[in-house]
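Student: okay, here's the prediction I keep looking at, along with the sequence it came from:
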Amino acid sequence: MSAPAHARGKFSCFPVSENIHTHHILDYSIVPARLPESVQEEARQMACSIATDLRVVGLIAVEMFLTKDGRLLVNELAPRPHNSGHYSFDACATSQFEQQLRAVCGLPLGSPRLLSPVVMVNILGDAWARGLPDFPALLADPQVKLHLYGKSEAKPGRKMGHFCVLGEDIHETLVRAQQLKARL
């Protein structure tokens, strides 16, 4: 959950992402989150309250856990664009990076509106274990957007890039994303 704000007290929240971690590393961000609207609204309210209380000018990513009994617990605050919001480049009217700049420059905030359901998949250095990953096969899907970070050395567990899969239905989009990741 990212809650950008600027000095004039204006706020906007990006759509809540449902994050799946593997070995304590973000693996998938699913947007819209497959959570009840009441839980998403509570997450947005908590994020905006935190941004207000901390007098944030810019962007703050608020990572939360949803407990089995339905409580939201704040785990981490990141006062910057966050990996879990990288989907916003491809699937939102305004990306988290543009929103950060707008906020700190005192410009009007852009719309964080979700344009398409999306699943963001981190690509770790492990994908290079057998040589260069098959990126052409990944990009054969016209609704895939690939972002490589230009790091010189691939190491296991190191985030080397990500790809986003856009779709119409979040459940089908997640299945496609998992299939594409398995091919890498």
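Tutor: Thanks, I have it. Numbers count the residues shown, from 1 in each chain.

Student: so where's the protein shaky on pLDDT?
Tutor: Confidence mapping of the chain against pLDDT under 70 gives the ranges 1-7.

Student: need the longest helix for it.
Tutor: helix 37-53 (DSSP state H).

Student: contacts for the next helix or strand after it next, please.
Tutor: Sequence-wise, the next helix or strand downstream of helix 37-53 (DSSP states H and E) is strand 61-66. The contact list for strand 61-66, computed with Cβ atoms under 8 Å, 6 or more residues apart in numbering, reads 1-3, 19, 35, 39, 43, 46-47, 50, 72-82, 84-85, 96. In short, each C-beta sits where N, CA and C put it, glycine included.

Student: whichever of those residues end up buried, select them in ChimeraX.
Tutor: Command for ChimeraX, covering only those of these found buried under the criterion 16 or more other Cβ atoms under 10 Å:
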select :1,2,3,19,35,39,43,46,47,50,72,81,82,84,85,96
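
Student: can you tell me which of the contacts of strand 61-66 end up in helices?
Tutor: Counting by DSSP H, those contribute Val39, Ala43, Met46, Ala47, Ile50, Gln96 to helices.

Student: got TSV for the residues you listed, with distance to Ser116 too?
Tutor: Conversion of the ones in helices among the contacts of strand 61-66 to TSV gives the following (distance: Cβ to Cβ, whole Å):
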residue	distance to Ser116
Val39	22
Ala43	21
Met46	26
Ala47	22
Ile50	28
Gln96	16
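
Student: so which of those residues comes closest to Leu148?
Tutor: For the ones in helices among the contacts of strand 61-66, the closest approach to Leu148 (Cβ to Cβ) belongs to Gln96, at 18.5 Å.
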